[in-house]
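Colleague: Take this sequence and fold it.
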Amino acid sequence: MSALRRMRGWLAARRRFQFVATLVMVSTLTAACGALLMLPNSVLPKLRAVTPGQDSGRVTASDPQVPLVKRTMEGYGKVVAETAATGSGRIGVVLGHSGQRADIDVLAGELAASTAAVTALWGSDWNQAPVVVVASSVSEFAALTHAAGDVPAEVAASTVADPFRPGAQLTGQRVVFGPDAGRRLGPDGLRSVLRHELTHMASRAVTVDGSPMWTLEGFAEYSAHRNLRRPITEIAPTLTTRARAGDLPADLPPDAMFEPTSGQASLAYEQGWSVCAFIADRYGDPKLVALYRQLASGPKDRAAVDTALRATLGTGYQDLVTDWRAWLATRTAEGA
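Modeller: The predicted structure follows:
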């Protein structure tokens, strides 16, 4: 491998590790927050739509959480906001501060395409007017995600939602980027993480805490890279190197491997992506989505996963692992 390829592989691995994102679920909201969520649309901020090559005039962000988020952010400086038409009359919004202007521009410019890409995979049964926030500091990130304790430095972004029960209407959904995400990831990394997090947003209504992480994070990673024609050596550099050395995964990655403190999170996300990429390649995107809906409904032991696989794909757990390993060996050898 040339020095240039080694450098590219290192940079890709570094970015992949920085992609690690935790799905933050908020357990409580204060009464004051609840009251703010009920503010009428008349007090929502007037923001300018960002539509390439087109002046859409003045538009209004329609998500009732925007005033609450903006009010929280004002404690950290003047708020900058851009909106983007995301289709079917919906408007998404990116909020931040002047110091994150470059990141705001990248995310606002990508918001429509990312929303469309997620919808093309998942379907239209989600709020396609996302609220995206770029925090200016670790403390602001914690305030916007209601995080308890220290936020791991490797967390680039997180998806937040108000507490809800399956079947109820979701509220308070937003994607929050960390203060260093743009500098660490670059424009391409921001776009990939945005699609990853929007996939969590789209699928949240059918996702129960405790579902297999290889399903939740692997599916979001597959969505992030879908149809972008990136080689496996770029998407999964660590997995590729190991597979070429004959070190193929013996099993699907366990939940503990995805923890930022595990030391294996980057590899776990690569393995999760590769499982979902294999399923999509072998059985098609609709089957992958159907499997996600089956497995995201709650904690699943191996027997339950086997049952879901047989019902959705017509194959058992061990056969899936065997076929995935063979697919990995072939794909990593080809580098496609």
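Colleague: can you pull the pLDDT of E334?
Modeller: With respect to pLDDT, E334 has a value of 88.
Colleague: what sits against L291?
Modeller: Residues in contact with L291 (C-beta atoms under 8 Å, 6 or more residues apart in numbering) are 215, 279, 308-309, 312-313. The C-beta positions use only the backbone N, C-alpha and C, and glycine is treated the same way.
Colleague: Give me the distance from stretch 121-130 to the chain's centre.
Modeller: 13 Å (C-alpha atoms, centre = their mean, to the nearest Å).
Colleague: So which bits of it are buried?
Modeller: 121-122, 126-130 (16 or more other C-beta atoms under 10 Å).
Colleague: quick one: the strands in the stretch 101-250 of the chain?
Modeller: For the stretch 101-250 of the chain, the strands defined by DSSP state E, counting those that start in this stretch cover 131-134, 157-160, 174-177.
Colleague: Select from those strands the stretch with the lowest mean pLDDT.
Modeller: strand 157-160 - the lowest mean pLDDT of the strands of the stretch 101-250 of the chain, at a mean of 89.
Colleague: any low-confidence regions in the protein?
Modeller: Within the chain, the stretches with pLDDT under 70 are 1-62, 148-154, 164-169.
Colleague: Run through the helices of it in chain order.
Modeller: 3-18, 31-37, 66-73, 101-122, 138-145, 181-203, 213-225, 232-235, 237-244, 265-283, 285-295, 302-312, 317-334 (DSSP state H).
Colleague: Give me the angle between the last one and helix 265-283.
Modeller: Spelled out, it's helix 317-334. Interaxial angle, helix 317-334 versus helix 265-283 (axes from the mean of the first three to the mean of the last three C-alpha atoms, to 10 degrees): 100 degrees.
Colleague: name the helices or strands packed onto helix 317-334?
Modeller: When contacts are defined as 3 or more C-beta pairs under 8 Å, 6 or more residues apart in numbering; DSSP states H and E, helix 317-334 sits against helix 232-235, helix 237-244, helix 265-283, helix 302-312.
Colleague: try 6 Å
Modeller: helix 237-244, helix 265-283, helix 302-312 (3 or more C-beta pairs under 6 Å, 6 or more residues apart in numbering; DSSP states H and E).
Colleague: Then the fourth one?
Modeller: For helix 101-122, the elements it packs on are strand 80-87, strand 90-96, strand 131-134, helix 181-203, judged by 3+ C-beta pairs under 6 Å, 6+ apart.
Colleague: mind listing what's buried in that helix?
Modeller: 103-112, 114-115, 117-119, 121-122.
Colleague: ditto for the shortest one
Modeller: By neighbour count with 16+ other C-beta under 10 Å, helix 232-235 contains the buried residues 232-235.
Colleague: could I have it exported to PDB, CA atoms only?
Modeller: The C-alpha coordinates for helix 232-235 follow below in PDB (Å, rounded to 0.1, in the frame of the first residue of the first chain):
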ATOM      1  CA  ILE A 232     -15.600  -0.100   1.100                       C
ATOM      2  CA  THR A 233     -12.000   0.900   1.800                       C
ATOM      3  CA  GLU A 234     -13.200   4.400   2.500                       C
ATOM      4  CA  ILE A 235     -16.400   3.500   4.400                       C
END
